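Participant: Sharing a sequence plus its predicted fold:
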Amino acid sequence: MNTKLLRQKILDLAIRGKLTDQRKSDGTARELLEQISSKVSSSSSTLSSPRRRGSPSSSAAKTIIPLDKSEAPFEIPENWEWVRLNDIFNFIDYRGMTPEKVDKGVPLITAKNVKKGYIDFSIDEYISEESYAARQGRGSPQKGDILFTTEAPLGNVALAGIDKYSPGQRIITFQQYTKEKLLDNRFFVFFFLSDLFQNLLVDQKTGTTVTGIKAAKLKMIPVLLPPLAEQQRIVEKIQEAFAEIDSIENNKELLKTHIKQARQKILDLAIHGKLVPQNKADEPASVLLERITRDNPHYEKLTDIPFEIPESWEWVKLGDVCKPIKRGKSPKYIEQSNILVFAQKCNQKDGPVSLEKALYLDESTLNKYPKEEFLQKGDVIINSTGTGTLGRVGLFNVDLPQGIKGIVPDSHVTTIRSSVVNSNYLYSYLKNKQSYLEKNGEGSTNQKELKPHTIYDLEFPLPPLAEQKRIVNKIEEIFASLDEISLHLV
């Protein structure tokens, strides 16, 4: 379930008047406009015409004229109206006034603080009382006013939640014209967060690298005006729906954690011999091990075992059952060739390995690469250097792209290959050991390196070949079910 899209769908229904019922007892938005004009006109002559400028310089207030239906972005309920933003909100704009910051004083709310629907107070900056007083000439923002970011980023909006503060230069404050609140600012925050309003902003924006909007254009953007009682009902409905979505998102994150833990648990059960039952008809791993080590004078039977395994299994060192574990070579790149280089970035954090970011090898250096060092299906890939990528395990199981004759690993990648161990079982074992590999790089903090001997010396629980296949099949079956669940959590 895409909860982000679900939130926008709820906002879309709300601003079209389809989330709540219309009631005759609410009156009409036109009556509300008359009330706003009347209150502004009868108040002290410090308020200007909301239709003209919205700045405290004029003494007369004009009647607010709703938009003609031909100007409306879409159809709305009969008792609603479309108006211009500056018809119902006064603009307090501190742009051009750069404040001097102090260690302690009046909180300065900048565009960095204003997120989509809330204020992030973890970024704390302050201005002096003197600077605060000087800024009041342009207006005095109050608790509950709407703070709107005009650039970097454009279009974030939230209610001011503290009594005394000063907005920064990239913020315009939307303030109702009268002390008697005739609008529910929460409704307008939701409206400003809707895709409709955000798209209207995009149509009016200026700039390319840093996009913004001029106050003159912002004032003229159409906004919805339902009756006050319905504004309040809409807010209640949205908050109720968003609380349900919050619960879904929290449960989604919890479920994602459980799925991740379940995958790890499945791999853990697999290498402990507890994922599938043992079959007495299977050839024991001891017979397989004898064939593997018969001509290996360096083989030593492990006596210090990490944990108990089934009787038909054997403990070995990983290097005893794999071909020589080695790192790739430093490649020489070229713009185009028939040979690809598999680098660390091809070993993705989530999902299968990818050749999307692979580069081309200069084929004049091919004599450095014996054929057996070319990657083969079933090879296990381990990132052997890097910050944040060290120890990452992947399974090379991709087809060669058209026109590509081979793929070689670079010097930051270790390849592990075995002809006597099922490649998927080997991958599952190493994936289970990934956290160990991540922590066991050698060298300085910034230059950790996973040495081949660290991988070679890993204790490896070797099941019978037939059981390896059953284990792999069971892992794939369970993981497919977990993948299906994960698809619905996007």
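Facilitator: Alright, I've got the coordinates. Residues are numbered from 1 along each chain as shown.
Participant: hey, let's count contacts and neighbours off CA atoms from now on
Facilitator: Fine.
Participant: Test my guess that P226 contacts T28.
Facilitator: Yes - with contacts counted by Cα atoms under 8 Å, P226 reaches T28, the gap being 7.3 Å.
Participant: what touches both of those two?
Facilitator: Common neighbours of P226 and T28, using Cα atoms under 8 Å, 6 or more residues apart in numbering, are N79, W80.
Participant: Could you check which of those two has the larger neighbour count?
Facilitator: P226 (27 against 22; other Cα atoms under 10 Å).
Participant: tally of neighbours for the spatially closest residue to the more buried one that is not a sequence neighbour?
Facilitator: The shortest distance from P226 to any non-neighbouring residue, by Cα to Cα, 6 or more residues apart in numbering, is to W80 (4.5 Å). By other Cα under 10 Å, 23 other residues sit near W80.
Participant: L201 is in what secondary structure piece?
Facilitator: helix 195-204 (DSSP states H and E).
Participant: buried sites along that helix?
Facilitator: L196, F197, L201 (16 or more other Cα atoms under 10 Å).
Participant: now those residues in JSON lines, with pLDDT and distance to K115?
Facilitator: Supplementary listing: the buried residues of helix 195-204 in JSON lines, determined by pLDDT from 0 to 100; distance: Cα to Cα, whole Å:
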{"residue": "L196", "pLDDT": "92", "distance to K115": "18"}
{"residue": "F197", "pLDDT": "94", "distance to K115": "16"}
{"residue": "L201", "pLDDT": "90", "distance to K115": "16"}
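Participant: What are the boundaries of the helices in this protein?
Facilitator: Secondary structure of the chain, counting by DSSP state H: helices at 3-15, 29-42, 85-88, 129-135, 185-193, 195-204, 215-219, 228-271, 285-293, 318-321, 423-432, 434-439, 452-456, 465-487.
Participant: how about those, which one is nearest I334?
Facilitator: Of all those, helix 452-456 sits nearest to I334, with 28.3 Å by Cα to Cα.
Participant: Take the helices of the chain and lay them out in TSV including distance to L366.
Facilitator: Below are the helices of the chain laid out as TSV (distance: least, Cα to Cα, whole Å):
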stretch	distance to L366
helix 3-15	50
helix 29-42	77
helix 85-88	67
helix 129-135	69
helix 185-193	57
helix 195-204	52
helix 215-219	62
helix 228-271	38
helix 285-293	31
helix 318-321	27
helix 423-432	27
helix 434-439	31
helix 452-456	23
helix 465-487	36
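Participant: what's the most buried one of those?
Facilitator: helix 85-88 (a mean of 25; mean count of other Cα atoms under 10 Å).
Participant: Which strands or helices does that one pack on?
Facilitator: helix 215-219 (3 or more Cα pairs under 8 Å, 6 or more residues apart in numbering; DSSP states H and E).
Participant: Would you mind pulling up the elements that the helix it packs on packs against?
Facilitator: Using 3+ Cα pairs under 8 Å, 6+ apart, helix 215-219 sits against helix 85-88, helix 195-204.
Participant: looking at the ones you listed, which has the lowest confidence?
Facilitator: For the helices and strands packed on helix 215-219, mean pLDDT drops lowest on helix 195-204, to a mean of 91.
Participant: Return the distance of that one from the chain's centre.
Facilitator: 23 Å (Cα atoms, centre = their mean, to the nearest Å).
Participant: Mind pulling the model confidence for S419?
Facilitator: 79.
Participant: That one and I292 touch, don't they?
Facilitator: No - applying Cα under 8 Å, one finds S419 not in contact with I292, separated by 9.9 Å.
Participant: what sits against P226?
Facilitator: With contact set as Cα under 8 Å, 6+ apart, P226 has these partners: T28, A29, N79, W80, E81.
Participant: now swap in A480 and tell me
Facilitator: A480 neighbours (Cα under 8 Å, 6+ apart): none.
Participant: Could you report the separation of it from K143?
Facilitator: Relative to K143, A480 is positioned 52 Å away (criterion: Cα to Cα, to the nearest Å).
Participant: same deal with K214?
Facilitator: For K214 relative to K143 (Cα to Cα), the value is 25 Å.
Participant: Against Q402, how distant is V189?
Facilitator: From V189 to Q402 the distance is 52 Å (Cα to Cα).
Participant: With L196 instead?
Facilitator: From L196 across to Q402, the span is 45 Å (Cα to Cα).
Participant: Equivalent analysis for R84, please.
Facilitator: 58 Å.
Participant: So between these two, which is more surrounded?
Facilitator: R84 (21 against 7).
Participant: for the stretch 251-400 of the chain, what are the low-confidence residue spans?
Facilitator: Judged against pLDDT under 70, the stretch 251-400 of the chain has no low-scoring part.
Participant: can you pull out the strands in it?
Facilitator: 314-317, 326-327, 333-334, 339-342, 359-361, 379-383, 393-396 (DSSP state E, counting those that start in this stretch).
Participant: Residues contacting stretch 288-303, please?
Facilitator: Residues contacting stretch 288-303 (Cα under 8 Å, 6+ apart): E314, W315, V316, K317, D320, V321, V420, P464.
Participant: Filter the residues you listed down to just the buried residues.
Facilitator: For these, buried by 16+ other Cα under 10 Å: E314, W315, V316, K317, D320, V321, P464.
Participant: would you list those residues in CSV and tack on distance to G137?
Facilitator: Output for the buried ones among the contacts of stretch 288-303, formatted as CSV (distance: Cα to Cα, whole Å):
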residue, distance to G137
E314, 82
W315, 80
V316, 80
K317, 77
D320, 80
V321, 80
P464, 83
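Participant: residues touching G328, list them.
Facilitator: E373, V408, P409, D410, S411, H412, V413, T414, T415.
Participant: Now with 7 Å, please.
Facilitator: Neighbouring residues of G328 by Cα atoms under 7 Å, 6 or more residues apart in numbering: P409, D410, S411, H412, V413, T414.
Participant: Check the gap between it and S384 for me.
Facilitator: For G328, the distance to S384 - Cα to Cα - is 10 Å.
Participant: Find the residues that touch each one of these two.
Facilitator: With Cα under 7 Å, 6+ apart as the test, G328 and S384 both reach H412, V413, T414.
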